[in-house]
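> What would the 3D arrangement of this be:
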Amino acid sequence: MKTSFLKQINLPNDLRLLNQEDLPHLAKELRDFIIDIVATKEGHLGASLGVVELTIALHYVFNTPNDELIWDVGHQAYGHKILTGRKEIFDTNRQLNGISGFPKRGESEYDSFGVGHSSTSISAALGMAIASQLNGEDKHHIAVIGDASIASGMAFEGLNHAGVTNANLLVILNDNAIGIDPSVGALKQYLTNVKKGTEKQDNIFEALNFNYSGPIDGHDLSTLISELKRLKTIKGPKFLHIITTKGKGLRQAEENQVKYHAPGKFDAKTGELVVKNNSDQDAPKYQDVFGQTIVELALKNEKIVGITPAMPTGSSLKYMMETIPNRAFDVGIAEQHAVTLAAGMATQGLIPFCNIYSTFLQRAYDQVIHDVALQKLPVIFCLDRAGLVGEDGATHHGVFDLAYLNCIPNLVIFAPRNAIALRHIMYTVQLGIDFPIAIRYPRGRGHLIDWKRPFEKIEIGKGVCLSEGESVAVLSVGTIAHSIENAIKEIDTEHNVGHYDMQFIKPLDQTLLHNVFQHYDAIITVEDGTIIGGFGSSILAFANANNYSQKIVTLGIEDQFVEHGTTEQLNKLQHLDVVSLKKEIEQLLFSLNDSHF
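Here you go, the predicted structure:
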């Protein structure tokens, strides 16, 4: 019977007691462990499988946690977590009250820096390295970054600064030619040429004053360990280029790297995906409503262009890239560039649909203000993954967009309550607008099967009465309207409750609001964004400006970072599920009835 090395390891100190010739067997055990857990618990698979040998080598050679290790984005850090004291609780990964799917400072001293968005590792590691110098400490700082992330502007800013320091920084480029989707751009081509030995230009990293080595096989533990030991003896900024295969060790994950980035449940032995039997399987994902609708519109309107920063599959812009490839652009992990590129296109009469996940638009906030809104350019922002997104947790929830966009002049904000409304607003804006607009919609499926209706024009700034009532009016924006409708149906005195889909957070439908405030005794606002600064805040400001004195209850995301769990669990914790909404409405009805006696 073979020895199980993984069972002996709880912390990197245990790992360093192993003989080097035993490490390849440990690598196989670690891969199998990750596959077995992720097969049933779900999560990010391919990225972690691809860096198993690198993970082992780094903790074997460097004195972590004193030597500080930062995993860019963090998709690939499962092996790191398992080797740093979280093996026994790894099955709680991404589960409510379990460990995070990303490195997190509060979770372990081995997680030197919290991550989740790309391209932050070099800047953070450089900051740590400079601080160590100032503090008179002699330790190493390692940033592991992928070939997709290193093409981002922030990564280049970090490289540019690091190259003129003598900081003890090691940047490891994990080059597998893919992020979530295949890498794009001139740097990708450069790295491809380096791997082939056909690159004729000077080495770009040496030109930035890094001591460059590689490319080497990132799955060869002996070579990795030898090179890392050598690099420990070299002062100043160093750059190691390694070549890996995303999904290494699971045939399907190697062959279908996009699908197996985060495959959901699968058979750990065969690698085959488990077919989901959703009751709403026929209702489309909102991303697919966007993807199919933009193709439908673009085939008739040649001025429409689509832009995504590295998310063609996740945003479903891939449909346009397949059908009209010369008018659909994946610009790589470069949200700032995506926004200003769209602005430039808009100045020339094109109609840019810039599709960015809500959480990632935060990274281009200045460009939204300065390059788009200030110039009143008609850029159409389609913000996917708005609201609570589930197991990815605090770094990925799209709950801040309403608040951070609400204060920007000239910008219109729309949240469709269903797939039909999303189609209609996309149709409306491509007819011609003279302002920028943000259209935000959630991750996952809607509830409508019959959604491909004939296009209708939506009047900008107008809300919709979904049901009239007498005592309490519920004002909502976005797809949470469906939960509110279900909650109202369960209330005995539902005729006392009116429901209004405001549609536009900005501009508000003031005519409708005056009508509501003049006819109802109390108001509830509901949104899947932060209460502070969002839709509810705008309703409170409206009431104050117009001297309305009704009771107003604002429901939404509390003033805290929401951790990971299923969207159902998180909505319940934030009191935004059907049961909680019903309770809030009933309590308000009861207080009104009580005050009348």
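> number of nearby residues for His161?
17 (other Cβ atoms under 10 Å). C-beta here means a position set from N, CA and C on the backbone, and glycine is covered the same way.
> ugh, wrong one, Pro409
10.
> Doesn't Arg385 belong to a helix?
No. Arg385 is assigned strand when assessed by DSSP: H, G, I helix; E, B strand; the rest coil, not a helix.
> That one and Ser358 touch, don't they?
Yes. Assessed by Cβ atoms under 8 Å, Arg385 is found in contact with Ser358 at 5.5 Å.
> Quick check: neighbours shared by the two?
In terms of Cβ atoms under 8 Å, 6 or more residues apart in numbering, Arg385 and Ser358 are both contacted by the residues Gly398.
> Check the spacing between Thr567 and Gln574 real quick.
10 Å (Cβ to Cβ, to the nearest Å).
> Which residues are in contact with each of the two?
Common neighbours of Thr567 and Gln574 (Cβ under 8 Å, 6+ apart) are Leu388.
> my read: Ala253 touches Leu45, true?
Yes. Using Cβ under 8 Å, Ala253 is in contact with Leu45, at 6.0 Å.
> Which one's more surrounded, these two?
Leu45 (28 against 24).
> That one and Gly291, how far apart?
From Leu45 over to Gly291 the distance is 24 Å, taken as Cβ to Cβ.
> Same check on Gln20?
With distances taken as Cβ to Cβ, Gln20 is found 49 Å from Gly291.
> Need the per-residue pLDDT for Gly249.
pLDDT recorded at Gly249 is 85.
> Report how many residues lie close to it.
Gly249, neighbours per other Cβ under 10 Å, totals 18.
> now swap in Phe561 and tell me
Counted with other Cβ under 10 Å, Phe561 comes out at 11.
> quick one on the thing from earlier: quick one: common contacting residues for Ala253 and Leu45?
Gly247, Tyr260, Pro263.
> The first one: helix or strand, and which one exactly?
Put plainly, it is Gly247. According to DSSP states H and E, Gly247 maps onto no helix or strand at all.
> Let's verify the nearest residue to it once chain neighbours are set aside: helix, strand, or coil?
Distances taken as Cβ to Cβ, 6 or more residues apart in numbering put Ala253 closest to Gly247, at 2.8 Å, once the chain neighbours are dropped. Three-state assignment for Ala253 (three-state DSSP): helix.
> pLDDT value on Ala253, please?
Ala253 is given a pLDDT of 90.
> Identify the residues contacting it.
Leu45, Gly46, Leu49, Lys246, Gly247, Tyr260, Pro263, Gly271 are the contacts of Ala253 under Cβ under 8 Å, 6+ apart.
> higher neighbour count, Gln20 and Gly291?
Shown here are Gln20 and Gly291; by other Cβ under 10 Å, Gly291 has more neighbours (26 against 12).
> residues making contact with whichever strand or helix holds that one?
Following DSSP H and E, one finds Gly291 within helix 286-298. For helix 286-298, contacts defined as Cβ under 8 Å, 6+ apart pick out 284, 304-306, 314-320, 323-324, 327, 353, 355, 382, 384, 419, 422-423, 426-427, 430, 441-446, 451, 479.
> try 6 Å
304, 306, 315-316, 319-320, 323-324, 353, 382, 384, 419, 422-423, 426, 430, 441 (Cβ atoms under 6 Å, 6 or more residues apart in numbering).
> Ok, stretch 377-395 next?
94, 100, 116, 287, 290, 315, 342-343, 346, 352-355, 357-358, 372, 396-398, 401, 429, 433, 436-443, 528, 561, 563-564, 566-567, 570.
> ok, now stretch 328-340?
By Cβ under 6 Å, 6+ apart, the list of residues contacting stretch 328-340 reads 118, 148-149, 151-152, 184-185, 306-310, 312, 317, 320-321, 354, 356, 360, 363-364, 367-368, 371.
> how about a cut-off of 8 Å?
In contact with stretch 328-340 (Cβ under 8 Å, 6+ apart) are residues 118-119, 148-149, 151-153, 179, 181, 183-185, 305-312, 317, 320-321, 341, 354, 356, 360-361, 363-364, 366-368, 371-372, 379.
> Restrict that stretch to CA atoms and write it as CSV.
Output of stretch 328-340 as CSV, limited to C-alpha atoms (Å, rounded to 0.1, in the frame of the first residue of the first chain):
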residue,chain,number,x,y,z
ALA,A,328,-17.7,42.3,-31.5
PHE,A,329,-14.6,42.9,-29.4
ASP,A,330,-13.0,41.0,-26.5
VAL,A,331,-10.5,43.5,-25.2
GLY,A,332,-9.0,41.3,-22.5
ILE,A,333,-9.0,42.0,-18.8
ALA,A,334,-9.1,45.8,-19.3
GLU,A,335,-12.3,47.4,-18.0
GLN,A,336,-11.0,50.9,-18.2
HIS,A,337,-9.9,50.5,-21.8
ALA,A,338,-13.3,48.8,-22.6
VAL,A,339,-15.2,51.9,-21.3
THR,A,340,-13.1,54.5,-23.1
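> Off-centre distance for it?
Counting by Cα atoms, centre = their mean, to the nearest Å, stretch 328-340 is centred 15 Å from the centre of its parent chain.
> got it, and stretch 195-202?
34 Å.
> Then stretch 500-517?
Its chain's average C-alpha position is 30 Å from that of stretch 500-517, according to Cα atoms, centre = their mean.
> Same question for stretch 554-570.
Worked out by Cα atoms, centre = their mean, stretch 554-570 lies 15 Å from the chain centre.
> what's around Ser112, how many residues?
23.
> scratch that, Ile539
24.
> again with Ser226
Neighbour tally, Ser226, other Cβ under 10 Å: 15.
> swap in His141?
By other Cβ under 10 Å, 25 other residues sit near His141.
> got a list of what it touches?
Contacts were defined as Cβ under 8 Å, 6+ apart; by that measure His141 touches Asp67, Glu68, Ile70, Ala125, Leu126, Met128, Ala129, Ser132, Ala167, Asn168, Leu169, Leu170.
> from these, which two are the most distant?
The most widely separated members of the contacts of His141, counting by Cβ to Cβ, are Asp67 and Leu126 (14.9 Å).
> who's more crowded, those two?
Leu126 (22 against 19).
> which element is that one on?
Using DSSP H and E, Leu126 falls in helix 121-134.
> I'd like to know which elements that helix is packed against.
strand 68-71, strand 141-146, helix 153-162, strand 169-175 (3 or more Cβ pairs under 8 Å, 6 or more residues apart in numbering; DSSP states H and E).
> right, and those - which one's nearest Leu508?
Counting by Cβ to Cβ, Leu508 lies closest to helix 153-162 out of those; the figure is 35.4 Å.
> what angle sits between that closest one and strand 169-175?
140 degrees (axes from the mean of the first three to the mean of the last three Cα atoms, to 10 degrees).
> Just the CA trace of helix 153-162, in PDB.
What follows is helix 153-162, C-alpha atoms only, in PDB (Å, rounded to 0.1, in the frame of the first residue of the first chain):
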ATOM      1  CA  GLY A 153      -3.300  47.900 -17.200                       C
ATOM      2  CA  MET A 154      -2.800  47.700 -13.400                       C
ATOM      3  CA  ALA A 155      -0.400  44.800 -13.800                       C
ATOM      4  CA  PHE A 156       1.700  46.900 -16.200                       C
ATOM      5  CA  GLU A 157       1.600  49.800 -13.700                       C
ATOM      6  CA  GLY A 158       3.000  47.400 -11.100                       C
ATOM      7  CA  LEU A 159       5.700  46.100 -13.400                       C
ATOM      8  CA  ASN A 160       6.700  49.600 -14.500                       C
ATOM      9  CA  HIS A 161       7.200  50.700 -10.900                       C
ATOM     10  CA  ALA A 162       8.900  47.500  -9.800                       C
END
